[in-house]
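A.B. asks: build me a model:
(chains A, B, C and D)
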2 protein chains.
Amino acid sequence: MVISLAQISDVAKLAGVSPATVSRVINGSAKVSEEKAKRVLEAIKATGFKPNEIARSLYKKSSRIIGYIVPSILNIFLNEIGRAIEEEAFQHGYKMILCNSDENPKKEAAYIQMLTAMNADGIIITANNENLDEEIRNCPLPIVVLDKEASGRYTAVVQSDNYAGGRLATEYLLKCGCKHPVLMRPPQKYSSGRQRFLGYMDVCKEHGIEPLFIDSPFNSNDGLRCSQELLERFPYVDGILAVNDMMVLSLYKVLLMQRRRVPDDIMIVGYDGIELGGLMTPELTTILQPIEEIGRLSAKIIIDQVADKTPDRQEYILPVKLKVRQTTRPPAESNG
Amino acid sequence: MVISLAQISDVAKLAGVSPATVSRVINGSAKVSEEKAKRVLEAIKATGFKPNEIARSLYKKSSRIIGYIVPSILNIFLNEIGRAIEEEAFQHGYKMILCNSDENPKKEAAYIQMLTAMNADGIIITANNENLDEEIRNCPLPIVVLDKEASGRYTAVVQSDNYAGGRLATEYLLKCGCKHPVLMRPPQKYSSGRQRFLGYMDVCKEHGIEPLFIDSPFNSNDGLRCSQELLERFPYVDGILAVNDMMVLSLYKVLLMQRRRVPDDIMIVGYDGIELGGLMTPELTTILQPIEEIGRLSAKIIIDQVADKTPDRQEYILPVKLKVRQTTRPPAESNG
DNA sequence: TTTAACTTTGAAACCGGTTTCAAAGCGTTC
DNA sequence: GAACGCTTTGAAACCGGTTTCAAAGTTAAA
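C.D. replies: Below is the predicted model:
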C-alpha cells in the first residue's frame, strides 16, 4: 500500500484556484480575496495538505533546520548541549538534526554536504580534526564551532573558558590540601584540551608544584587502562583532575580495587558537569561548563545569522563554575 | 562572504555538454561517449562539483537517509542502538539523522514530516505515544518501530524479548536466594514495559511469591525519589529489578545512604546492558538486550525495503541474555 | 547507395514548492 | 465614457537535479 501525500496542486484543484494562490495563502506573501482564501483553507483542511519544507527550501534557501554534528552520540556532555540546541531551535520554529560523525572525516564531510544540500540554516559542530577545514571552507552555511579555537572560515566559536576551568580545578585541589595533583590530560588536538592543560600548568608553576599528567582520551573505552596507568605512574597521587565526568566512573573502579578512599586518600575533580556526576557515589565535585548556555547560544547565533543580525566571526568564551560535592575534602581555612 | 557551490549547469558549461549528459556520467544511467565523459569528469574535478542529494531526491524519491526518532537523546540505551543503526546505514551508503522528540507529539510530528519531505528512505522510531498513530498512518515512508507492539501501519516492529527478559531477571534473583524481589515497573504505556511486567508476574506466580512493584519512569530524573520510595514501601526488600541500567546509579546512592550493602543485603539486576553498567561499582548484573542487533536489523529492514526485498509488516523479537556481574550473589547450587 | 537499426545527445518536462510578471478586473476621476 | 491606477490572479520561470523523448549521427545490412 502506497500512501501519497496531498500536494499544493491537489489543494489548488480542489479550491478551484492556481497553486500560486494557494502558496500565497499559506505564506501570507500577498493578498488573496477573502472568498478564495477561505476556499483554500478549507481545501487544505480537507486534503490534510502540509507544505513540503524541503522542496520549498530549494527556492527559499532555508529549511529551518539546524544541523549538529558530534564525534559520538554516546558522549553525554555533547548530547546535553544538543538538548539545549534543540530546545532553543524549536522555540524559534527550527528543527535540529543530530549527526554522528564517529570522528570519521568521510562521515563528517558526508553530513556537512547533506546539511548543505537540504539548505539547513547552519551547522553546529565539534570539529576535532583539521582535515575538515576544507569541507568547511566550501560550505556556504553559517558554522558554529564548539571546542576549537577560532581559525578557518567559521561564523562563530562558542566555548567555555577552558583555561579558567583548568585553573579553577587545580587551585581548588591545592586549596583542599592536595600536594600531588595529577591531571588526566585531555587530547591536545582540541583547543579546549590545550587550554585546560595550560591552566593546570600555570597554577602548578605559580605554586611551585611539579606538574604531573597522563594523556587521556575523552571517551571512556580506555578509561580503566588509563586510570590504572595513572596510579602506577604516580602512586603517591592525592588528587586527580579527571579528563571529564564520565571518566570518573573508571577511576572509582580502579581506586576501589586499590583500596584508596575518595576523598580521604585521593580527591577527584571532574569536568563538564553532566547530570550523571550528581548521581555518582560519592557525588562528583566538578567543573561546571555552562551546557545549557553553550547550546542555546550556538543555536541563537545561527538563527540570528539567518535574519542577518550578527556580524561575522564572533568568539564567545563562557564562564565555568566549580561545583563542590563529595569527592573533595573541605578546603583548609587559611592560605588561598 | 557568500560561497556558492558548483552546480550541474556549471559543470555542463565547462565541459561543453548539456546537464543531462553530466547527470548520465555521474549516475552511469546511460552511455556517454568516452571523450565527453572524460571532459565531464575533468570539469567535475575542476569545479569541485558534488551533486545535491536532496534536489536529486525530489525526483528520485530516495535520499539515502534513515531517520531515527527518539524521545530523548540523553537516553544512553537508545543512543547505543543509534550508533548501530548509523554503522549499518553507512556501510550501505546511507546516512542516519537522529531526532529528539522530547516525548512531545508536536515535535514527533514535525520530525516525521521533515523526514518525509526530504524523501528519507525510512524512519526508525520509539513510539511512546499513541497520538502519533495518525501521523504515522499518513506517512508514506517505511517505518520500523522499536519498543512497541505491532499495531497500526508499521513496516516492521523490532524488539527484544521483554517477556523473557522479565522472567530471566526474576528467576535469577530467586535462584540466588532472593525472597522478596521488587520490580521497578517500567511505564506500562510501552509494550516493552508491559511484557517485562508480565514476565515478572508469571515467575512470581509460579514460585508462589508475592509480587512487589513500584512504578518507575525510564529517565533518571526522578530516580532518587523513586528509589527512596521503593525502600520505604518495601523495607524488607532483598532484590531489586531495576527499570533500566541507568536507574541503578540512583539506587546505589539511596542504598548506600541507608547502609544497605550490594549484593550482601540487596541484590540488583539491571536492564538494557549499556556499557555504563560495566563501569559501575559494583559492576552491574543485568539483562543484555541485543543492542547492536536491534540497531543493525532496523536499518537493514529499511534498506531492504528500498530494494523491495521484504514483505510487509514483519515482527522481530530478538533474544536477551543475562549478564552476571557483581550486584548479585552466586546462585545456590541446588534447586533451579 | 539506400534503408534500417542503433547510439549518442540536448531540449524539455518533471519533482513540489515560490515568486515574478503581465493580464484581467475593478473603481475613480476627469 | 475614456483614461488611469490599484488589486487580484494565473501562467511561467525558477530552485538543482533526473529522465523522457525525439532528433541527429553513426553503423550495418540489403
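A.B. asks: for residue A:316, helix, strand, or coil?
C.D. replies: On the three-state scheme (DSSP: H, G, I helix; E, B strand; the rest coil), residue A:316 is labelled strand.
A.B. asks: which SS class is the residue lying closest to it once chain neighbours are set aside?
C.D. replies: In space, residue A:316 comes closest to residue A:158 once its chain neighbours are excluded; the distance is 4.8 Å by Cβ to Cβ, 6 or more residues apart in numbering or on different chains. Every residue, glycine included, has its C-beta placed from N, CA and C. Taking three-state DSSP as the rule, one finds residue A:158 in the strand state.
A.B. asks: residues in contact with residue A:180?
C.D. replies: Applying Cβ atoms under 8 Å, 6 or more residues apart in numbering or on different chains to residue A:180 gives the contacts A:209, A:210, A:212, A:234, A:236, A:237, A:238, A:239.
A.B. asks: hmm, back to that, residue contacts, the residue nearest to residue A:316?
C.D. replies: Applying Cβ under 8 Å, 6+ apart, the residues contacting residue A:158 are A:144, A:145, A:146, A:294, A:297, A:298, A:301, A:316, A:318.
A.B. asks: what's the closest of these to DNA strand D?
C.D. replies: Nearest to DNA strand D out of the contacts of residue A:158 is residue A:144 (Cβ to the nearest atom of the strand; 23.1 Å).
A.B. asks: what about the strands in the stretch 51-200 of chain A?
C.D. replies: Ranges of strands in the stretch 51-200 of chain A, per DSSP state E, counting those that start in this stretch, are A:65-70, A:95-100, A:122-126, A:143-146, A:156-160, A:181-185.
A.B. asks: can you check which of these gets nearest to DNA strand C?
C.D. replies: Closest of these to DNA strand C is strand A:65-70, at 15.4 Å (criterion: Cβ to the nearest atom of the strand).
A.B. asks: give me the angle between that closest one and strand A:95-100.
C.D. replies: Relative orientation of strand A:65-70 versus strand A:95-100 (axes from the mean of the first three to the mean of the last three Cα atoms, to 10 degrees): 20 degrees.
A.B. asks: pick out the most distant pair among the contacts of residue A:158.
C.D. replies: Based on Cβ to Cβ, the longest span within those runs between A:145 and A:318 and measures 14.0 Å.
A.B. asks: the two: who's more crowded?
C.D. replies: Of the pair residue A:145 and residue A:318, residue A:145 is the one with more neighbours under other Cβ atoms under 10 Å in any protein chain shown, namely 25 against 14.
A.B. asks: which residues touch that one?
C.D. replies: A:124, A:125, A:126, A:127, A:154, A:156, A:157, A:158.
A.B. asks: give the bridge partners for it, please.
C.D. replies: Applying DSSP bridges to residue A:145 gives these bridge partners: residue A:125, residue A:157.
A.B. asks: pLDDT below threshold where in the stretch 201-336 of chain A?
C.D. replies: A:309-312, A:333-336 (pLDDT under 70).
A.B. asks: these two touch, right, residue A:46 and residue A:15?
C.D. replies: No: Residue A:46 is not in contact with residue A:15 according to Cβ atoms under 8 Å; the separation is 9.1 Å.
A.B. asks: which stretches of chain A form helices?
C.D. replies: Per DSSP state H, chain A carries helices over the ranges A:8-15, A:19-27, A:34-47, A:53-60, A:76-91, A:105-117, A:132-137, A:162-175, A:191-206, A:223-233, A:247-257, A:276-279, A:291-306.
A.B. asks: quick one on the thing from earlier: pLDDT at the residue nearest to residue A:316, what is it?
C.D. replies: On pLDDT, residue A:158 comes in at 94.
A.B. asks: now for the residue in the stretch 101-250 of chain A that DNA strand D sits nearest to, how many residues are close by?
C.D. replies: Closest approach between the stretch 101-250 of chain A and DNA strand D, counting by Cβ to the nearest atom of the strand: residue A:117, at 7.8 Å. For residue A:117, the count of nearby residues is 22 (other Cβ under 10 Å).
A.B. asks: which residues touch it?
C.D. replies: By Cβ under 8 Å, 6+ apart, the contact set of residue A:117 is B:52, B:53, B:54, B:55.
A.B. asks: would you format the helices of chain A as TSV with distance to DNA strand C included?
C.D. replies: Listed next are those as TSV, based on distance: least, Cβ to the nearest atom of the strand, whole Å:
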stretch	distance to DNA strand C
helix A:8-15	3
helix A:19-27	3
helix A:34-47	10
helix A:53-60	4
helix A:76-91	20
helix A:105-117	13
helix A:132-137	26
helix A:162-175	43
helix A:191-206	40
helix A:223-233	49
helix A:247-257	48
helix A:276-279	43
helix A:291-306	14
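A.B. asks: the more surrounded of residue A:46 and residue A:15?
C.D. replies: Just comparing residue A:46 and residue A:15: by other Cβ under 10 Å the higher neighbour count belongs to residue A:15, 22 against 13.
A.B. asks: now the more buried one: how far from residue A:40?
C.D. replies: For residue A:15, the distance to residue A:40 (Cβ to Cβ, to the nearest Å) stands at 5 Å.
A.B. asks: what touches both of these two?
C.D. replies: A:21, A:22.
A.B. asks: re earlier: out of the strands of the stretch 51-200 of chain A, which gets nearest to residue A:199?
C.D. replies: Of all the strands of the stretch 51-200 of chain A, strand A:181-185 comes closest under Cβ to Cβ, at 9.6 Å.
A.B. asks: output that closest one as PDB, restricted to C-alpha atoms.
C.D. replies: Output of strand A:181-185 as PDB, limited to C-alpha atoms (Å, rounded to 0.1, in the frame of the first residue of the first chain):
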ATOM      1  CA  PRO A 181      47.500  16.700  41.900                       C
ATOM      2  CA  VAL A 182      47.600  14.700  38.700                       C
ATOM      3  CA  LEU A 183      46.000  15.800  35.500                       C
ATOM      4  CA  MET A 184      44.300  13.400  33.100                       C
ATOM      5  CA  ARG A 185      45.400  15.500  30.200                       C
END
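A.B. asks: quickly check: that strand near chain B or not.
C.D. replies: No: using Cβ under 8 Å from any Cβ of the partner chain, strand A:181-185 stays clear of chain B, with a minimum separation of 15.3 Å.
A.B. asks: what packs against that strand?
C.D. replies: In terms of contacts (3 or more Cβ pairs under 8 Å, 6 or more residues apart in numbering or on different chains; DSSP states H and E), strand A:181-185 is packed against helix A:162-175, helix A:191-206, strand A:212-215, helix A:223-233, strand A:239-241.
A.B. asks: any idea of the angle that strand forms with helix A:247-257?
C.D. replies: Angle, strand A:181-185 to helix A:247-257, by the same axes, to 10 degrees: 130 degrees.
A.B. asks: ok, strand A:181-185: who's next to it in the sheet?
C.D. replies: Strand A:181-185 pairs in its sheet with strand A:212-215 (parallel), strand A:239-241 (parallel), by DSSP bridges.
A.B. asks: follow-up on the earlier one: could you turn the buried ones of the contacts of residue A:158 into a PyMOL selection?
C.D. replies: Of these, the buried ones go into a single PyMOL selection, burial set by 16 or more other Cβ atoms under 10 Å in any protein chain shown:
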select buried, chain A and resi 144+145+146+294+297+298+301+316
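A.B. asks: who are the contact partners of residue A:295?
C.D. replies: Residues near residue A:295 by Cβ under 8 Å, 6+ apart: A:80, A:81, A:82, A:83, A:84, A:85, A:86, A:87, A:88.
A.B. asks: ok, 10 Å please
C.D. replies: Counting by Cβ atoms under 10 Å, 6 or more residues apart in numbering or on different chains, residue A:295 makes contact with A:68, A:78, A:80-89, A:96, A:124, A:146, A:158.
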